[in-house]
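Enquirer: Coordinates only, no sequence provided:
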């Protein structure tokens, strides 16, 4: 079942994506100085409510698959459609992270990893990074900033003499990566653009987002919009000043990390840029028309705020929720227990404020909807709860009725939840939806 869903996620767009966001992770999408992860959660809610069904999310990171998966366990991250890892040397698709064999063939040209390790071993200034960061088409070191320029120049000359066509990227003030000349975040994106164009699915707009030197070539790809987040490092700002200062398609955001990405969406008029998390009264949040995705996001935003006591403890809220449920609607809890949707809403009453003042967040991921009838939608998504430092998640399938007028609201007919593999609440009684 999961594999089928992966294929749907990869192939669901029958037309060019409305927007493709290609974002670095550390200090760009993910703010490591934000313990509440609010800018990331704000982006998540915006993406799932307004973009997931007709757009593409691409994470482009210097991290290896091992460190990328580790970050996913630590932060409330969405699942991208495409993952570019190891500084553009690996491209994978979907949740199963299926590798792109065509990209591997491209990178094998004029690349000799053994020769690279042989020559770099002669430089005491270079310290090898951990074994997980050494990849088939990437050799990675740490080097002091004071030595970086001289070492890079010397290595370039040596590799040229040895007939190797390599690229040396210095970023983050200490990371030095050696890759095939055809590799890198920019070339990986160019490869994807070419692939989409061949299939007649070149995205209408592409927004690239970064903060460091290994992101620079993303901004060099033709016809992309670009945002350097406000916390961008000196090396990227210097590259911009020397190469793209007059380019109106590249901005230096005034906000950090994911907040800067949201700012850029608005600046370039690429689509909605108001996150549901920025709206105090969720009844005011509407996309152009009510959609299954926006309704799901809105419900779980309310659920989080109810348990954190960030909204009023009002019977009117619960009455409104029950009015949005079929009287005969059923919730199947991940434990297997069945109860009516109205009883499930009533059950929320005793949990008002039970997470007040605690580290408790709720988000949804991969909200994909299929119209199954005139007014009926089948919606499937992953729902996550972060409580303290523990994440629990379930796969949720809903049947929702949305009237054709697009303004009458949504009615929940059936909800079925199943624990995600390796996940599950220790105290199942506190997992309400």
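Expert: Sure, I can see it. The structure presented is a predicted model; accordingly, all values stated were derived computationally and were not measured.

Enquirer: can you list the weak-confidence ranges in the stretch 201-350 of the chain?
Expert: 282-289 (pLDDT under 70).

Enquirer: do the stretch 1-150 of the chain as well
Expert: For the stretch 1-150 of the chain, applying pLDDT under 70 flags the ranges 1-12.

Enquirer: at 90 instead, please
Expert: Within the stretch 1-150 of the chain, the ranges that satisfy pLDDT under 90 run 1-14, 95-96, 109-110, 132.

Enquirer: how about the helices in it?
Expert: Using DSSP state H, counting those that start in this stretch, the helices of the stretch 1-150 of the chain run over 2-11, 38-50, 65-74, 101-107, 113-120, 145-161.

Enquirer: Show me what the fourth one is in contact with.
Expert: Going back to what we said before, that points to helix 101-107. Residues from elsewhere that reach helix 101-107 (Cβ atoms under 8 Å, 6 or more residues apart in numbering): 89, 90, 91, 136, 137, 179, 180, 182, 183, 188, 191, 195. The way it works is simple: take the backbone N, C-alpha and C, and place the C-beta from them, glycine included.

Enquirer: Columns mean neighbour count on top of the helices of the stretch 1-150 of the chain, output as JSON lines?
Expert: Output for the helices of the stretch 1-150 of the chain, formatted as JSON lines (neighbours: other Cβ atoms under 10 Å):
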{"stretch": "helix 2-11", "mean neighbour count": "14"}
{"stretch": "helix 38-50", "mean neighbour count": "23"}
{"stretch": "helix 65-74", "mean neighbour count": "14"}
{"stretch": "helix 101-107", "mean neighbour count": "15"}
{"stretch": "helix 113-120", "mean neighbour count": "15"}
{"stretch": "helix 145-161", "mean neighbour count": "14"}
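
Enquirer: Report the separation between the residue positioned nearest the centre of the chain and residue 310.
Expert: Centroid check for the chain by Cα atoms, centre = their mean gives residue 78 as the closest residue, at 4.2 Å. When distance is defined by Cβ to Cβ, to the nearest Å, residue 78 is 23 Å away from residue 310.

Enquirer: what do you get for residue 105?
Expert: With distances taken as Cβ to Cβ, residue 105 is found 52 Å from residue 310.

Enquirer: Equivalent analysis for residue 35, please.
Expert: On the measure of Cβ to Cβ, residue 35 and residue 310 end up 18 Å apart.

Enquirer: So for those two, which sits in the more crowded spot?
Expert: Between residue 35 and residue 310, counted using other Cβ atoms under 10 Å, residue 310 has the larger neighbour count: 14 against 8.

Enquirer: Tell me the secondary structure of that one, please.
Expert: Under DSSP: H, G, I helix; E, B strand; the rest coil, residue 310 falls in the coil class.

Enquirer: List the contacts of it.
Expert: residue 304.

Enquirer: separation between it and residue 360?
Expert: 10 Å.

Enquirer: list the residues that contact both of those two?
Expert: With Cβ under 8 Å, 6+ apart as the test, residue 310 and residue 360 both reach residue 304.

Enquirer: for the residue nearest to the centre of the chain, what are its contacts?
Expert: Taking Cβ under 8 Å, 6+ apart as the criterion, residue 78 is in contact with 44, 47, 48, 57, 365, 366.

Enquirer: how does it look with 10 Å?
Expert: By Cβ atoms under 10 Å, 6 or more residues apart in numbering, residue 78 lies in contact with 29, 40, 43-44, 47-48, 52, 57, 59, 72, 363-367, 382, 384.

Enquirer: tell me the SS of residue 200?
Expert: coil.

Enquirer: So what's the residue count around it?
Expert: 8.

Enquirer: Was I right to think it contacts residue 13?
Expert: No: the criterion here is Cβ atoms under 10 Å, and residue 200 misses it with residue 13 at 11.2 Å.

Enquirer: okay, now residue 248: neighbour count?
Expert: Residues near residue 248, counting by other Cβ under 10 Å, number 8.

Enquirer: Reduced to three states, what does it come out as?
Expert: Per three-state DSSP, residue 248 ends up coil.

Enquirer: for residue 297, same thing?
Expert: Residue 297 - assigned by three-state DSSP - is helix.

Enquirer: contacting residues for the closest residue to it other than its chain neighbours?
Expert: With Cβ to Cβ, 6 or more residues apart in numbering as the criterion, residue 297 has its nearest non-adjacent residue at 4.1 Å, and that residue is residue 49. Applying Cβ under 10 Å, 6+ apart, we find residue 49 in contact with 272, 274-277, 285, 287, 291, 293-298, 301, 364, 367.

Enquirer: try it again with 7 Å
Expert: For residue 49, the contact set (Cβ atoms under 7 Å, 6 or more residues apart in numbering) comprises 276, 287, 293, 294, 297.

Enquirer: just residue 31 next, same as before
Expert: 39, 40, 256, 257, 258.

Enquirer: what's the neighbour count on the third one?
Expert: Put plainly, it is residue 256. 20.

Enquirer: quick one: it and residue 229 touch, right?
Expert: Yes: shown here, residue 256 and residue 229 form a contact pair, counting by Cβ atoms under 7 Å, at 5.5 Å.

Enquirer: Residue 397 and residue 416 touch, don't they?
Expert: Yes: Residue 397 lies in contact with residue 416 (Cβ under 7 Å); the separation is 4.7 Å.

Enquirer: For the two, indicate the residue with more neighbours.
Expert: Shown here are residue 397 and residue 416; by other Cβ under 10 Å, residue 416 has more neighbours (17 against 14).

Enquirer: State the three-state secondary structure for that one.
Expert: Assigned with three-state DSSP, residue 416 falls in the strand class.

Enquirer: what's the answer for residue 204, then?
Expert: Quick answer, by three-state DSSP: residue 204 is coil.

Enquirer: Please name the residues that touch it.
Expert: 16, 17, 18, 19.

Enquirer: How many neighbouring residues does residue 28 have?
Expert: So residue 28, with other Cβ under 10 Å, has 27 neighbours.

Enquirer: oh sorry, the question was meant for residue 421
Expert: 9.

Enquirer: Now name the helix or strand holding it.
Expert: Using DSSP states H and E, residue 421 is not contained in any helix or strand.

Enquirer: all strands for the stretch 201-350 of the chain, in order.
Expert: Ranges of strands in the stretch 201-350 of the chain, per DSSP state E, counting those that start in this stretch, are 206-210, 225-228, 250-252, 325-332, 338-340.

Enquirer: outside of the longest one, which residues touch it?
Expert: Taking Cβ under 7 Å, 6+ apart as the criterion, the residues outside strand 325-332 that touch it are 338-342, 344-345, 411-417.

Enquirer: Now do the helices in the stretch 251-400 of the chain.
Expert: 257-267, 292-307, 315-323, 341-347.

Enquirer: Go ahead and measure how far the second one is from the middle of the chain.
Expert: Same thing as helix 292-307. In this view, helix 292-307 has its centroid 19 Å away from the chain centroid, taken as Cα atoms, centre = their mean, to the nearest Å.
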